[in-house]
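Student: give me a 3D structure for the following:
(one chain, ligands or ions: 1)
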Amino acid sequence: MNFKEILDARTEEVFHAVEKYLPPVEGHQATVLSAMDYSVRAGGKRLRPMLMEETYRLFGGEGKEIEPFMAAIEMIHTSSLIHDDLPCMDNDTLRRGLPTVWVKFGYDMAVLAGDGLLMYSMETAAKALSMTDRPDLIARCMGILAEKTGIYGMIGGQTADVELSGKPVSREQLDFIYRLKTGALVEASMVIGAILGRADEKEINLVEKMASAIGLAFQIQDDILDVTSNEGVLGKPVLSDEKNHKTTYVTLEGMNKAKQDVERISEEAVSCLHELSGKNQFLEDLIRMLVNREK
Ligand code: GRG
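Tutor: Now for the predicted structure:
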C-alpha cells in the first residue's frame with residue numbers, strides 16, 4: 001500500500017472509533033442530534049484524533065482509554081466548523097463537500113448543534129474514567145481539552161480572528177490567532193495522546209512544541225489552499241478569506257514564503273519527533289503530508 005492508501009484506511013479506522021460515541025438521533029431533541037450526527041459523519045480528514053492516537057502509540061499506548069478522547073476532539077473540531085460557517089462568522093454554504101449545517105438545518109439549529117457537540121465532547125471524554133486505572137491522567141486530559149478549546153485556546157483565537165476581520169493585522173497578531181484558533185486543538189490532541197501513553201513531563205513538553213509547529217504549518221497550508229485549490233477538491237469554498245477580508249499568512253508574507261515556511265515548520269516538527277525516544281514512521285509521514293496535501 002502507498003501512503004495515500006494507508007492514510008485513507010487510517011481515516012476510516014479513526015472514524016469508526018469516533019462513530020461509536022455519537023449519540024443516537026432520537027427524542028424531542030432529535031433535530032439537533034440529527035444536525036450533530038450529519039456534521040460529524042460528513043467526512044473530513046480526522047487529522048486531530050489520528051494525531052492523538054499516533055502520539056499515544058508512539059509512547060507505547062495500547063488501551064481503549066484513548067478512544068473517548070479521540071471522539072471528543074473530533075466533536076470539538078466539528079463544532080468549531082459548524083460555528084465557523086455561520087452567517088455571523090464566515091457565512092459559508094459548503095463544508096466537507098456538503099451543505100453547511102446552518103444551510104441544511106437552519107441558523108438556530110446550527111448554533112445549538114455546535115453547542116451540543118461541544119458539551120457532548122466533555123461528556124464523552126469523561127467516559128474514559130471507567131476504562132483506566134489512572135483516573136488522575138484522565139482528569140488532567142479533560143482539563144487540557146477544555147483549556148485548549150476555550151478562551152485561552154481555540155475560542156480565544158477565533159475571537160481575535162473575527163474582531164480583526166477587515167482590519168490591518170500584524171504578524172504578532174496573526175501568530176496569536178493561528179497558535180490559538182488552529183494550533184491549540186492540535187496541541188490538545190497530541191499532548192493528550194502523550195499523557196495517556198504515559199510520557200514523562202519532558203516528553204510532553206516536546207510533544208506540545210511539535211504539535212504547535214504542526215498546527216501552524218497546517219493553518220498556513222489551509223491559507224495557501226484557499227487561494228490555489230478548488231471547491232471540488234477542498235469540499236469547501238475557495239477564496240473564503242478574501243470574501244471575509246481576512247489577513248492571512250499568504251497576504252502578509254506572500255505565496256512563495258508561505259510555501260517555504262510550511263515546509264520549514266513541518267521539518268521542525270519532524271525534528272521534535274526525532275528527539276523523542278519512540279519511533280512512529282506513519283506519524284512522520286503524516287507530518288510531511290501536511291506540506292503536500294491538496295485538501
Ligand atoms: C464551538 C463554541 C464554539 C466556538 C467555535 C468558530 C470557532 C469557535 C472557531 C473556529 C476555529 C477554526 C475553524 C479554525 C480553522 C482550523 C482549520 C484549518 C480547520 C479545517 O480543518 P481540517 O482541514 O477540516 O482538518 P476537516 O474537514 O478535514 O476535518
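Student: what's the burial count for E62?
Tutor: For E62, the count of nearby residues is 9 (other Cβ atoms under 10 Å). In this view, the C-beta of every residue, glycine as well, is placed from N, C-alpha and C.
Student: would it count as being in a strand?
Tutor: No. Assessed with DSSP: H, G, I helix; E, B strand; the rest coil, E62 is coil; it does not lie in a strand.
Student: next, the contact list for it, please.
Tutor: Contacts for E62 (Cβ atoms under 8 Å, 6 or more residues apart in numbering) come out as none.
Student: do L118 as well
Tutor: Residues in contact with L118, defined by Cβ under 8 Å, 6+ apart, are M75, I76, S79, T149.
Student: distance of it from the ligand?
Tutor: 5 Å (Cβ to the nearest ligand atom, to the nearest Å).
Student: quick check: mean pLDDT across the host helix or strand of that residue?
Tutor: Assigned by DSSP states H and E, L118 belongs to helix 107-126. Mean per-residue pLDDT for helix 107-126: 98.
Student: mind naming the longest helix for this protein?
Tutor: For the chain, the helix with the greatest residue count under DSSP state H is helix 201-228.
Student: quick one: it to chain centroid distance?
Tutor: 10 Å (Cα atoms, centre = their mean, to the nearest Å).
Student: touching the ligand at all, it?
Tutor: Yes. Helix 201-228 is in contact with the ligand by Cβ under 6 Å from any ligand atom, via Q219, D222.
Student: who touches the helix or strand following that helix?
Tutor: Per DSSP H and E, the first helix or strand lying C-terminal to helix 201-228 is helix 231-234. The contact list for helix 231-234, computed with Cβ under 8 Å, 6+ apart, reads L94, L225, P237, V238, E294, K295.
Student: pick out whichever of the residues you listed sits closest to L51.
Tutor: K295 (16.8 Å; Cβ to Cβ).
Student: Provide a list of residues in contact with that closest one.
Tutor: Counting by Cβ under 8 Å, 6+ apart, K295 touches K45, L225, S229, V233, L234, G235.
Student: try 7 Å this time
Tutor: S229, V233, L234, G235 (Cβ atoms under 7 Å, 6 or more residues apart in numbering).
Student: separation between it and the ligand?
Tutor: K295 is 7 Å from the ligand, by Cβ to the nearest ligand atom.
Student: residues in the stretch 1-150 of the chain within reach of the ligand, list them.
Tutor: Contacts of the stretch 1-150 of the chain with the ligand, taken as Cβ under 6 Å from any ligand atom, map to 44-45, 47, 77, 79-81, 83-84, 89, 96, 114, 118.
Student: run the last query once more with 5 Å
Tutor: Within reach of the ligand by Cβ under 5 Å from any ligand atom, the stretch 1-150 of the chain has these residues: G44, K45, L47, S79, S80, H83, D84, R96, G114, L118.
Student: turn the residues you listed into CSV, columns for secondary structure.
Tutor: Formatted as CSV, these follow (three-state DSSP):
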residue, secondary structure
G44, coil
K45, coil
L47, helix
S79, helix
S80, helix
H83, helix
D84, helix
R96, coil
G114, helix
L118, helix
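Student: ok, back up a step: could I get the buried residue list for the helix holding L118?
Tutor: The neighbour-count check on helix 107-126 (16 or more other Cβ atoms under 10 Å) flags 109-114, 116-118, 120-121, 124-125 as buried.
Student: equivalent analysis for stretch 13-33, please.
Tutor: Buried-residue list, stretch 13-33, by 16+ other Cβ under 10 Å: V14, F15, A17, V18, Y21, L22, P23, V32, L33.
Student: only the buried subset of the residues of the stretch 1-150 of the chain next to the ligand, as a PyMOL command please.
Tutor: Filtering those down to the buried ones (16+ other Cβ under 10 Å) takes a single PyMOL command:
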select buried, resi 44+47+79+80+83+84+96+114+118
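Student: which among the residues of the stretch 1-150 of the chain next to the ligand gets closest to N244?
Tutor: Nearest to N244 among those is D84, at 10.4 Å by Cβ to Cβ.
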